[in-house]
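Chemist: Please work out how this folds:
(one chain, ligands or ions: 1)
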Amino acid sequence: MNTTAAPILYESKASPNARRVRIFLAEKDLKIPTLAVDLGAKEQFSEAYSAINPRKQVPTLVLANGASIGEVTAIWRYLEDAYPDAVPLLGTTPETKALVTMWERRAELDGFAPVMEGVRNTVEGLKGRALSGPHAYEQIPEIAERSKLRISNFFADFELRLRVVPFVAGDEFSVADITTLVTIDFASGGMGVTIPEECTALKAWYSKVSSRPASKA
Ligand SMILES: N[C@@H](CCC(=O)N[C@@H](CS)C(=O)NCC(=O)O)C(=O)O
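Modeler: You can find the predicted model right below:
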């Protein structure tokens, strides 16, 4: 139960989804109290945390009135609207809002999800946990080959995009860049897959975005 006046973010340093929210907060220069959920110790399954997020996942934002918001994109939506003076990261006009949503969704579906699929279906410690959430699923290790092909296509597709625009959704840094950055770091850390040499625009974008102070979050 949140008894403070500010929201509290339940998160984990080991979670790439939580990092998507940490970078968002850092870009906006918002300081929100955080509480660590120890995924290694399976704290997400505890009765106390299940009451906060019945899907047993991080991140979760708990508001001062006790409302619990799960799902990265919903937490972003809340923070964008609740702190209107902070720099916008979800677009500012009907057109840029739609483009940010479109490109962020492509980054999540075509990049982040295949990396997650590859990692969760092969890592020893995630046996029986091929999908996060309240239900248990066995791993299908062979699927990792297809995950690698999907990641390679993601790199090629985003290379084409970044040859014509400075940031993933267009002229401004947005959540589409956050998900793409976290995807690339997760692919390299979790699967040893890195941006191919020939993807020069993607590499240049990566170097620019990963040197932003918020990317350390
Ligand atoms: N769709 C959810 C996904 C959250 C998710 O998968 N979180 C992972 C960490 S990256 C988790 O909580 N894993 C717990 C587990 O593996 O049991 C979101 O957007 O927040």
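Chemist: and this protein, which residues reach the ligand?
Modeler: 15-17, 39, 44, 57-59, 70-72, 129, 132 (C-beta under 6 Å from any ligand atom). Placement of C-beta: from N, CA and C, glycine included.
Chemist: And the residues you listed, which of them are buried?
Modeler: Neighbour counting by 16 or more other C-beta atoms under 10 Å classes 15, 16, 17, 39, 44, 57, 58, 59, 70, 72, 129, 132 among the residues of the chain next to the ligand as buried.
Chemist: Closest one to residue 170 out of those residues, please.
Modeler: residue 72 (20.9 Å; C-beta to C-beta).
Chemist: Please name every helix or strand in contact with the host helix or strand of residue 102.
Modeler: Using DSSP states H and E, residue 102 maps to helix 94-107. Using 3 or more C-beta pairs under 8 Å, 6 or more residues apart in numbering; DSSP states H and E as the contact criterion, the elements in contact with helix 94-107 are helix 143-162, helix 175-191.
Chemist: give me the number of residues near residue 192?
Modeler: 8 (other C-beta atoms under 10 Å).
Chemist: contacting residues around residue 206?
Modeler: Applying C-beta atoms under 8 Å, 6 or more residues apart in numbering to residue 206 gives the contacts 181, 184, 195.
Chemist: Let's see if you can find the most crowded of those.
Modeler: Busiest of those [other C-beta under 10 Å] is residue 184, holding 27 neighbours.
Chemist: What's the per-residue pLDDT of that residue here?
Modeler: The confidence metric pLDDT takes the value 98 at residue 184.
Chemist: Please identify the helix or strand for the residue nearest to it when sequence neighbours are not counted.
Modeler: Closest residue to residue 184 apart from its sequence neighbours, by C-beta to C-beta, 6 or more residues apart in numbering: residue 206 at 5.9 Å. Taking DSSP H and E as the criterion, residue 206 maps to helix 200-210.
Chemist: Show me which positions of that helix end up buried.
Modeler: 201, 202, 203, 205, 206, 209.
Chemist: got the angle for that helix vs helix 143-162?
Modeler: Put simply, helix 200-210 runs at 90 degrees to helix 143-162, going by axes from the mean of the first three to the mean of the last three C-alpha atoms, to 10 degrees.
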